[in-house]
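S.K.: quick one, what's the 3D model for this:
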Amino acid sequence: MELPRYAFLILYVVVLFLLCTLLFPDDTSDYDGWRDYFLSRRGWFFGIMALAYVIDFIDTLIKARPYFRHFGYEYPLRNAAMVVLCLVAMRTRAEWFHRTFVVFALLYELSWIYRLYDVIE
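M.R.: Residues are numbered from 1 along each chain as shown. Sure thing, here's the model as predicted:
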C-alpha cells in the first residue's frame, strides 16, 4: 500500500512543479510581455491549479478521517470553490477577474492559516 501513496505524493509534487514552470518560464520573447504570456497559458495554469486542489483533497483523505474532519466543513467547500474559480479563470481573459481572484485567494489563504493554526497569538 505504500507504493501507491508514494507515487501519489510524487504526482502532487510534479503538479506543483508544473505550476511553477508556468509562472516562471525561461523565455517570453515570443510574447508581448508577461501579461500576454500568462493569458496565453491561463488554460494550462488554472487547469493544473484546479487539479492541485483536487489532489490536495485526496491527499487529506488519505492521511486519515480524523485529520480530514479536523479541517471541518469549510475545507471541502473551500476546495470546491477554488476548483470552480479556476475553471472560470481558464475561460476568461478579463484582467479584473484574474486580479480579483489572486487578491481573494491570497487573503483567504492567509485567513485560513490564521484561523486554523492560530499563527498569531
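
S.K.: residue boundaries of the helices in the chain?
M.R.: 2-23, 34-63, 65-70, 74-91, 95-117 (DSSP state H).

S.K.: now these as JSON lines including mean pLDDT?
M.R.: Listed next are these as JSON lines, based on pLDDT from 0 to 100:
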{"stretch": "helix 2-23", "mean pLDDT": "91"}
{"stretch": "helix 34-63", "mean pLDDT": "92"}
{"stretch": "helix 65-70", "mean pLDDT": "84"}
{"stretch": "helix 74-91", "mean pLDDT": "95"}
{"stretch": "helix 95-117", "mean pLDDT": "92"}
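
S.K.: make CSV from these and add mean neighbour count to it.
M.R.: No exception for glycine: its C-beta is placed from N, CA and C like everyone else's. Output for these, formatted as CSV (neighbours: other Cβ atoms under 10 Å):
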stretch, mean neighbour count
helix 2-23, 12
helix 34-63, 16
helix 65-70, 11
helix 74-91, 16
helix 95-117, 12
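
S.K.: quick check, central residue of this structure?
M.R.: Centre of the chain computed as the mean C-alpha position; nearest residue by Cα atoms, centre = their mean is residue 49, 4.0 Å away.

S.K.: so it sits against residue 22, correct?
M.R.: No. In this structure, residue 49 is not within contact of residue 22 by Cβ atoms under 8 Å, at 9.1 Å.
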